[in-house]
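# sequence? don't have it. structure:
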C-alpha cells in the first residue's frame, strides 16, 4: 500500500546519485526551489526551460543548476519516464554568468511541470531570466511567468511565494535568500555558508552488504545484512524497496542481525513479466531465503504488504517466528478493510498505465492489481500464529482501525497499538517514534 515519497525521490534523480556505490554524499545546505507551471494545454509539444546562473563558490563542494520534472493529472503523480534531466554546472566554473537550457517534450499525461532552481554547498548562488518556451507550428512561444527576471520587487518573501519547497531555505539558518542588484538588473541570490557534508549509506544499493539469493524458479531475491545477533527480517510495502527502511536499519542493527529484503519484482529483485503477483509467492520466497541463510528462528518487522507476507509466513511456519511486528496490515481488499480513496486511486492509476501500453509499466500494474485483489486471509486463520505479535497502525492509516482491531483480536498472543495523529507512513515520517515502539516490544 505504500505510495512513493515524491520529493525525496525527485531529489535523488536531481542529484544523480551513483547507486552502485555503498554511500552517497549529503550536503547540509541544499536548496531545491520549485516553480510550478500548468502545461496541460501543450500536451506532446517540445519545451525549453532556461535560466541564467552564476556562482561565487567558497569551496570545492559547491554546485548550482536547474532541472525539470513532469507531473501527471493527479497530485504528485510523478511521470518517471520523463522525470528529470540533470544539468548541474560543476563547482570549478568561473564566476561569470552562464545560460543553461533544458529541452524535452510535454508528456501526454502531464498536467504540470516543475522547474527547479538548485544550489548545493558553500557560496553565493545567483539566478536570473527564467524562461519557459513551447514549440508551436509557427515557432517557439514564450510562456509568461510572473517576475521571472526578479525585477518586480526586491522583497524576497514576496518572490518566494511563487515557489514550492521553500522549506529547504526555512529549515537552515546558514542559507540567506535575497534579491540583489547587479548593474541595472535584479537577481535572486542565495548566500550559503558553514555547509558540511557527510557520506550516508544508501540502503538497498550497498554491494558491501548485499547479496542475491536464487529461488527455485530461477528468480533472484536481493537482500542486505547488517549487524549481529538474533535475526530480524525487514519486509517493505508495495512498490518500495530496502531503502524504505533507511531510518530503521542503522538503529535496529545495533541490537540484531538485520536482514532487509527486496520483495520479488521490486528494488533489485527480479521478476517474470507474464505471471501475476500474490502474497503466497512472496511468502514462499521468504521461506526459501530463511532456509538458504540457515536461520533457525527469526523475528519479522513487516510494513504494509510486507506485514501481510510476514503474517502468512508466521501462519505457515509458526515455530520459526519468535516475534512479529505488523505495521498497516490487511486481510482483504474490501472497503471494510481499506479506505475507499486508495482503492479508487489505484483503479485510476491502473487504467492510466495500461493506456500508455508501455512494457516498463508491467510490474507496476501487477503490484497495483494486488491492492484490488489481494490478500484473501480469513480472520480465523490467524489463530495459527504462535509468535508474540505487535499489531500497529496509524490513527489516520489507509487501513481502517476496525480492521486492524480485527487482526489483533484473532492473533492469540498479540497486542494492538494505534498510534495517535500518525498515518500509514509512520516508519518513514516519524521513525524515532516507530523505532522506539518496535524496539521496546522486541527487547522484552
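On my side now, so go ahead. All values reported here derive from a predicted model rather than from experimental measurement.
# Residue 413 touches residue 388, doesn't it?
Yes: using CB atoms under 8 Å as the test, residue 413 is close enough to residue 388 to be in contact (4.9 Å). Bear in mind the C-beta positions are built from the backbone N, C-alpha and C, glycine included.
# for the stretch 301-444 of the chain, what spans make up the strands?
Using DSSP state E, counting those that start in this stretch, the strands assigned to the stretch 301-444 of the chain run over residues 321-327, 388-394, 414-419.
# between those, which one is nearest to residue 209?
Between residue 209 and those, the tightest spacing by CB to CB is seen for strand 321-327, at 21.9 Å.
# what lines up beside the closest one in the sheet?
The sheet places strand 321-327 alongside strand 298-303 (parallel), strand 388-394 (parallel), with pairing taken from DSSP bridges.
# got the angle for it vs strand 414-419?
Regarding strand 321-327 and strand 414-419, their directions subtend 30 degrees when assessed with axes from the mean of the first three to the mean of the last three CA atoms, to 10 degrees.
# May I see the buried residues of strand 321-327?
Counting neighbours by 16 or more other CB atoms under 10 Å, one finds that the buried residues in strand 321-327 are 321, 322, 323, 324, 325, 326, 327.
# Of those residues, just say which sits nearest to residue 136.
Taking the buried residues of strand 321-327 together and measuring to residue 136 by CB to CB, the closest member is residue 327, at 50.7 Å.
# Domain map for the chain?
The chain resolves into domains spanning 6-198, 203-442 when parsed by automatic domain parsing.
# Who are the packing partners of the longest helix seen in the chain?
If you go by DSSP state H, the chain has its longest helix at helix 340-356. If contacts are counted by 3 or more CB pairs under 8 Å, 6 or more residues apart in numbering; DSSP states H and E, helix 340-356 sits against helix 362-373.
# and the angle from the helix it packs on to helix 340-356?
For helix 362-373 against helix 340-356, the angle between stretch directions is 150 degrees (the same axes, to 10 degrees).
# Buried residues, helix 362-373. List them.
363, 364, 365, 366, 367, 368, 370, 371.
# cool, stretch 434-444 as well?
Neighbour-count burial for stretch 434-444, counted by 16+ other CB under 10 Å, picks out 434, 435, 437, 438, 439, 441, 442.
# ok, and what's touching that stretch?
232, 247-248, 251-252, 255-256, 299, 301, 323, 325, 327, 388, 390, 392, 415, 417, 419, 426-427 (CB atoms under 8 Å, 6 or more residues apart in numbering).
# Off-centre distance for stretch 390-408?
Centroid displacement of stretch 390-408 relative to its chain, using CA atoms, centre = their mean, to the nearest Å, is 23 Å.
# mean confidence score for the longest helix of the chain?
When pLDDT is averaged over helix 340-356, the result is 92.
# got it, and stretch 400-414?
Confidence over stretch 400-414 (mean pLDDT, whole number) is 98.
# now residue 104: how far from residue 69?
Separation of residue 104 from residue 69 (CB to CB, to the nearest Å) stands at 10 Å.
# just residue 97 next, same as before
Relative to residue 69, residue 97 is positioned 25 Å away (CB to CB).
# Look at those two and report which has more neighbours.
Neighbours per residue (other CB atoms under 10 Å) separate residue 97 from residue 69, with residue 69 holding more: 25 against 14.
# Nearest spatial neighbour of that one, chain-adjacent residues omitted?
residue 114 (4.3 Å; CB to CB, 6 or more residues apart in numbering).
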